[in-house]
Each structure stands twice: as C-alpha cells, then as structure tokens.
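Q: sequence plus the predicted model coming up.
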2 protein chains.
Amino acid sequence: MSRQKPRLARIADALGVSTATVSNALSGKGRVSPELVERIRATAAELGYVPSVAGRALRTGRSGVLGLVLADISNPLFPKLAQAIENSASKAGYGILIADSHGDVTAQTQAIERLIERGVDGMIVVPRRGTWVTGASCPVAVIDSPSTPGNTVAADHWTGGQGLGRHLASLGHKHVLLLGNSTTSNVQGDRLGGVKAGLGNANVETIWIEKLEAKAGPGCSLGLEEAVARGVTAVAAISDLVALRALTELQRAGIAVPEDVSVTGFDDLIWSSVVTPGLTTMRMDVATIADIAIAAVLDAINQPQSTGARGSDGDTVTASQPKVPMELVVRQSTGPVKISASLTDNKEANLTVGELIQ
Amino acid sequence: MSRQKPRLARIADALGVSTATVSNALSGKGRVSPELVERIRATAAELGYVPSVAGRALRTGRSGVLGLVLADISNPLFPKLAQAIENSASKAGYGILIADSHGDVTAQTQAIERLIERGVDGMIVVPRRGTWVTGASCPVAVIDSPSTPGNTVAADHWTGGQGLGRHLASLGHKHVLLLGNSTTSNVQGDRLGGVKAGLGNANVETIWIEKLEAKAGPGCSLGLEEAVARGVTAVAAISDLVALRALTELQRAGIAVPEDVSVTGFDDLIWSSVVTPGLTTMRMDVATIADIAIAAVLDAINQPQSTGARGSDGDTVTASQPKVPMELVVRQSTGPVKISASLTDNKEANLTVGELIQ
DNA sequence: CGTTACCGGTTAAACGATTAATCATCTGCA
DNA sequence: TGCAGATGATTAATCGTTTAACCGGTAACG
C-alpha cells in the first residue's frame, strides 16, 4: 500500500503525537496512557512499521546480533549446534552471525575480529581444541568441555562416557577397544576417561587414530579384525563418525554387529539412526547447551558492567549450570557378549600391538 | 592504549582536518590529496579505528549483511554449503546471518521476515522443496535445482546423475536399483532422471523411501537383500545418507560391496571417505555455487535498480551460470559386475514387488 | 495555603558515518 | 589583469531511533 517504508515519524504524524511518544509506546518504556499505546500499536501494525535496526543500533550501541564462531563449520556436529543456537537466540530476539575459523588459531582470531567489526553484542565460540579465546571486546560464551579452563557450558562428556561404559559392562563386555582421534582434545579425554571408569576393571585398549594415520596413511584400516581376533568384544568410538568407520570396517570383514562385536558412538548424529544396525550412542542435549550459553551471554550484556576487570578485553562469561547431562540412546549396535568370545579372550594378546595402543 | 573507542572525529581532531575528509580518505571516494590520505590511514591504524557499522548503515541504508535461509540446518549437506557461503561472503566484505526455516513454509516466511527486519541487504535461500520464496523486499538468490523455476544457481544434478549412470554402465551393470526419498523434489527428480539416462537401456527399478516408510515404518528395511536376489547388481542412492543406509543394510545381510553389489551416493559428505568401502559419489562444487550465488546477489544490490518491476516485492536474481558441473568421485563401493550375477538376472522378477516399485 | 509529586506528554540532543553543496586557493590562459 | 576551471578540503544536512530533560497542569499532602 504505502509507497515509502514507514518510520516512527510517520506514525507520529498520523496520530498527531511526537516520535518520542511513539517510541515510548512501542517499547513500553516511558509514560504513555494505555489507550494511546493501543492506538499507536494499531496504526503501527496497520502501516506495517518495521523499526530500523540501524537507527536503533546507532543510538543504543546494541546491534541485537550475536556471533557464532566455529572451529570448523564442516564438522558434522555443527548443524545441530547451529540450529539450537539460532533457535534460542531468535527466541530472545537476537540474530546469529556465523564465522568459520577454518580450524586454525589465527583464522579464529580474525573471525572474532570480523564479528567485532560487525558490532555483535556478544559471541558464542566453539573453539579449536586447546585454543584460547582472545581479543574479543564483548561477552563471550565458550562451548568446549567442562574440563577446559574458561569453558562456559558443555555436555558432561565424562559422565556420558561413564554411562556408555556401564552400558557395555552390563552387557558383559570385559575386553573393550577405545577409538580416539587425538590425545590433545579435552572433550576426547573426558569421554574416554568416562568410558574407562564406567567399564570398571575390564580390559581396555586405546587406539588414537591420528597417530595411526600418521603412520599408515589416512583412511587406513583400524585393525579391528585383529582386535577381535585377540578377544575384543566391544568397540567404543569417540564419535559417531568414528563409530561408523568401525562399523563398516567390521561388517566388511564379515564380523557381525552386535552378535560378534558391539559398537558405540557419541553425539547421535543424523546417520546413527539410519545405518544397519542402528548405532548405540550418547546424545548431547544441544538445545539446553545452547539455551544456557545464550542466556549467559545475554546476562553479561545486560549487566551494568560488574567488576572493574572490564577494559577493551572481553570477558568469557560463566553459566549457572556448566555441565549438561548426556542421554544414552540404545539401538541395535550393542548387545550381550557372546559366551564363546569371552572365553577366547586373552589378556596377553594386547601386549603385541606396540606403541599404538596405550 | 586509548580509553575510548575512536570515531571518525577522533582521527579528524588528531590531524586537524574535518571528519568528511577522513571519511573520504578512508573510503577513497572524494578528492583528498594522496599524502593526506596516507597520514589519515596511518593515524586510523594507529588509533585502532573501527568504523561503526550502525552509523554507516543508518546513513547508507546498507547493512553489509546477507541472510542465509536454510530449509533445515540439520541437513548434513548444510555445513559445506554454509562454509562456502560464509567464505565467499566474507571475501566480499559481507557477513552472513543465518535463519532456519525448520522445514515448513510458514516458518520459512517468518525467517525471511526476521532477516528483513534485521536489515539484510540480500538473501540466499535454499528452499524447502517445491516452496516458493516470497515476501522478501531485497534481492534473493535461490539455490535449489536447475529445473526449479526461479532458481538462481545450483549443481547440475541431472548431468551429475548421468555421469554416475555412465560409470555404473561402464562397469557392466544392467540391473540397477534407484533409491529416492520423495517424488516431489526437483533435485531428486533431476538426479535420478540423469542416472537413468546415463544407464542407457539397463533394467532400472526405483524405490521411494518416503512411500515405503509410510507403510513399513521409519527405519524399515529397504528390501535390498530381495532386490539382490532378483538380480540387482548396483544400487544408486539419491544421497550419501541413503547410500550409507544401503551400504550397511547390504553388509549386514552378508552381501559384499562392491563384489556382489555396487553402491553410489550423491554429495560426497564427510563420511563418504571414511566408511569401508569408501563411497563412490558425485560431488557438488559448493564453493563455486556459493561464489555465483553471492555474486548474483551483490550485483543486484549494486544495480541502480534495473527494471520497473521493483516495489516492496523483492526479486529473485539470476546468475550468468545457473548450472555448476558435478564431479565424480570414484572410491571402493563400485566395481565391475560379477559374471554370475548378471547371468542370474531375471527381467520378470521385478514384476512381483508391487506398487512400491515404479 | 504553599509545597511537592505525579501525570502524560513534548523537545531536543545525541549516536557515527556519508555526501551533496560550497568555498577558498591556485593555475593556466587570453 | 581578469576569468574559467581544477584542486583539496570544509560545512552542514541527513539517516531513524532513543532518552534525559523539561513543562504545564492537577491532585495530594502537611
């Protein structure tokens, strides 16, 4: 209908009041009579008024936008996380600006700088493992691992791993192979540590895939057939992706899952429910994590700046609940251990595999 | 160093010039003597000047931000796409604001509205299949399928499918099972149509998983064992996710891939190279697609508004190159057809499977 | 009765950058 | 000398919103 996009002044003119009154009425801040508020609301809606973020941002110094920095967007866990973050942010009336740090630290710093230049009010950072978030002049929430210093909120990877370990233990597994990627990741350390704890006094081997691939080349065999031969009855992978790799390698070798070997993953990614057999895994409650992270940042934004420790350096915020429980999802890839398999188990066998196993 | 964050005026004061000159010098627009430009640049850098997006946006009416609307962020293809889009956008100095339309059309419209309210200069939309993008008052690039009306740029799914079909044909496959999700998707129609064309006069069956699951429940068996029994030697899936489902179902049934049956996917997602055997697939050149989409939107933004067809309705932009070629990635999941298998092929067999096969 | 408090608004000054219009010099040329 | 044109910088208006300060009038209060 209207040719021009309406501003506050247009509504004000239409009703014969001042723009200030319109502003107050719409924001509910100043003192405006209820009936006038109603009339202003009505005409605003009628005219299809859309407030100018630019104008507001200039005046208030707030952009209404949060930045989301990810170590690597192509990480398969990212979609769920981004979705959850976007969701809770938009519920709070904030937008999400994404930035990819391509895995390395300098790029991460640059990404953070770009977001600052765009005027974000705060940021959520899922850092490269071991990375220190720095150089942000706004509140920052860090999602990594509860054992990472400076972490704001994260899934309780350790307890999750423990749950998985107990699940396997309850099925009678006494010789378990753990598959990790990197020894330097806090998340991975937590997860596998938890699994070990949950397994109790079972016989546990660990393979670090990065080390293995450094020698045998990327995409190499994980040697699962041999592992099974020496008595392993369950494989606990650090992630669903690794679990998938293990599952197909086992199947390819003619080893039945879960009859011969059980397989577990982490994260409950999209394919976990799609493969045959479905992957037993430990699900992250990304929605809750996102809610907490967003809430923490928003709190910090709305604080009238607390301690004196505020300068051009931003502070990483803290959350009321830093650990979010994980949920065990039992599918078909885990089952009770075969009697025959547990009999052939040989505790000495794992001494032969050398330095790759710790 | 400096307590206050510097504005244009601070630089101007420091050098005894006007803010207009500083603005001109930094943007390179007006007429400023080269040496003065240099001095201004220097002090700007020294003072750590960061332009205020809000101020600039208010004045110019441009926010420097593009919106990215996705039908469903949790789609496994999204990470690659988002990464690519973010990349080309940031190369052009633009930021990316994400919005999730949760799959349904009303949410998509709302998501678009939210982006408009945030003042985006343009948008990239990956629509829900069959959805019409509407209600945007800014340039919009649509990434869907070349056969979708209003599409801006997309992978050449048909030719990609053809390449995959030819690959299978060259390996001697004469009885192929196609796995699709939905008949209503243009992308899927293109892909499977291309595969059929590439296969020539081979015997082709098609299973639509959505239909099948509507009857047999989600996660049900695809009946691949039976398909192989009636002579199928290759399974061409609509996506890597479906291919993964097929691969594991076959392996679980004790059918060897690729010895007994070949499997192909689409998209080259993260797990394609990780599973055993690695998935032969058709890769989308997301980087190029993103570049073209971004360039098209930016062109439209910088146009001094072309035709008269501009009102409050935004126009979906067109690109110079609407189809981007796909790339065949051959891994271990495809191989030559077994002699015995092709001998036992029975053209009549597929008449028994009923309405699920078209 | 004088003072205070509140009520329902209005005024006007920011916020920080861009840009059309203007102006003061200087150069070149008839 | 006088005038046109180029050069390099300044002035001032403007984008749209928020908000502290202000204002006339009435009601409450000591």
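A: Cool, got the structure.

Q: give me the pLDDT for the residue of the stretch 151-300 of chain A at minimum distance from DNA strand D.
A: Per CB to the nearest atom of the strand, the residue of the stretch 151-300 of chain A with the smallest distance to DNA strand D is A:Leu298, at 16.2 Å. C-beta: built from backbone N, CA, C; applies to glycine. pLDDT, A:Leu298: 94.

Q: skip the chain neighbours and tell me the closest residue to it.
A: In space, and not counting its chain neighbours, A:Leu298 is closest to A:Ala92: 6.0 Å by CB to CB, 6 or more residues apart in numbering or on different chains.

Q: mind listing the strands for chain A?
A: A:65-70, A:95-100, A:122-126, A:140-142, A:154-155, A:175-180, A:203-208, A:234-237, A:262-264, A:281-283, A:323-324, A:327-329 (DSSP state E).

Q: buried residues in the third one?
A: In terms of neighbour count (16 or more other CB atoms under 10 Å in any protein chain shown), strand A:122-126 has its buried residues at A:122-126.

Q: and it, does that touch chain B?
A: No. When contact is scored as CB under 8 Å from any CB of the partner chain, no part of strand A:122-126 falls within range of chain B; the minimum is 12.5 Å.

Q: helices and strands around that strand, which ones?
A: Counting contacts by 3 or more CB pairs under 8 Å, 6 or more residues apart in numbering or on different chains; DSSP states H and E, strand A:122-126 is packed against strand A:65-70, helix A:105-117, strand A:140-142, helix A:286-302.

Q: residues contacting the spatially most central residue of chain A?
A: In chain A, the centroid-proximal residue (CA atoms, centre = their mean) is A:Leu81; its distance is 5.0 Å. By CB atoms under 8 Å, 6 or more residues apart in numbering or on different chains, the residues touching A:Leu81 are A:70, A:126, A:143, A:286, A:289-290.

Q: now A:Ile116
A: A:136-138, B:50.

Q: any idea how far A:Thr43 is from the closest residue to A:Ala99 other than its chain neighbours?
A: Nearest residue to A:Ala99 in three dimensions, chain neighbours excluded: A:Ala111, at 3.9 Å (CB to CB, 6+ apart). Per CB to CB, to the nearest Å, A:Ala111 is found 43 Å from A:Thr43.

Q: what about the helices in the stretch 201-350 of chain A?
A: Secondary structure of the stretch 201-350 of chain A by DSSP state H, counting those that start in this stretch: the helices cover A:209-216, A:224-229, A:240-252, A:286-302, A:339-344.

Q: now the third one - C-alpha only, PDB.
A: I take that to be helix A:240-252. Extracted as PDB, the C-alpha positions of helix A:240-252 are listed here (Å, rounded to 0.1, in the frame of the first residue of the first chain):
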ATOM      1  CA  ASP A 240      29.600 -41.400  15.700                       C
ATOM      2  CA  LEU A 241      31.800 -40.700  12.700                       C
ATOM      3  CA  VAL A 242      34.500 -43.000  14.100                       C
ATOM      4  CA  ALA A 243      31.800 -45.500  15.100                       C
ATOM      5  CA  LEU A 244      30.600 -45.500  11.600                       C
ATOM      6  CA  ARG A 245      34.100 -46.200  10.300                       C
ATOM      7  CA  ALA A 246      34.400 -49.000  12.800                       C
ATOM      8  CA  LEU A 247      31.000 -50.500  12.000                       C
ATOM      9  CA  THR A 248      31.600 -50.600   8.300                       C
ATOM     10  CA  GLU A 249      35.200 -51.900   8.700                       C
ATOM     11  CA  LEU A 250      33.800 -54.700  10.900                       C
ATOM     12  CA  GLN A 251      31.000 -55.500   8.600                       C
ATOM     13  CA  ARG A 252      33.300 -55.500   5.600                       C
END
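
Q: that one vs chain B: in contact?
A: Yes. Using CB under 8 Å from any CB, we find that helix A:240-252 touches chain B at A:241, A:244-245, A:247-249, A:251-252.

Q: low pLDDT regions in the stretch 51-200 of chain A?
A: Within the stretch 51-200 of chain A, the set of residues satisfying pLDDT under 70 comprises A:73-74, A:129-135.

Q: near DNA strand C, which residues of it?
A: A:55, A:58-59, A:61 (CB under 7 Å from any atom of the strand).

Q: out of those, which are buried?
A: Counted by 16+ other CB under 10 Å, those give A:Leu58 as buried.

Q: would you mind measuring from the residue nearest to the centre of chain A to B:Trp271?
A: In terms of CB to CB, A:Leu81 sits 18 Å off from B:Trp271.

Q: same check, this time on A:Ser320
A: 36 Å.

Q: quick one, which of A:Ala111 and A:Thr43 is more surrounded?
A: A:Ala111 (24 against 17; other CB atoms under 10 Å in any protein chain shown).

Q: hang on, A:Ser63 packs against A:Val53?
A: Yes. The pair A:Ser63 / A:Val53 is scored as a contact, 7.3 Å apart, by CB atoms under 8 Å.

Q: show me which of the two is the more surrounded one.
A: A:Ser63 (26 against 22).

Q: and that one, what does it touch?
A: A:53, A:57, A:118-121, B:53-54.

Q: what residues does the stretch 51-200 of chain A put near DNA strand D?
A: A:51-52, A:54-56, A:58-60.

Q: with respect to burial, which of the strands of chain A scores highest?
A: strand A:234-237 (a mean of 31; mean count of other CB atoms under 10 Å in any protein chain shown).

Q: that one and chain B, are they touching?
A: No. Strand A:234-237 lies apart from chain B when judged by CB under 8 Å from any CB; the minimum separation is 11.4 Å.

Q: can you list the contacts of A:Ser63 in a markdown table and add distance to A:Val195?
A: Supplementary listing: the contacts of A:Ser63 in a markdown table, determined by distance: CB to CB, whole Å:
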| residue | distance to A:Val195 |
| --- | --- |
| A:Val53 | 47 |
| A:Ala57 | 48 |
| A:Arg118 | 41 |
| A:Gly119 | 43 |
| A:Val120 | 38 |
| A:Asp121 | 39 |
| B:Val53 | 47 |
| B:Ala54 | 49 |
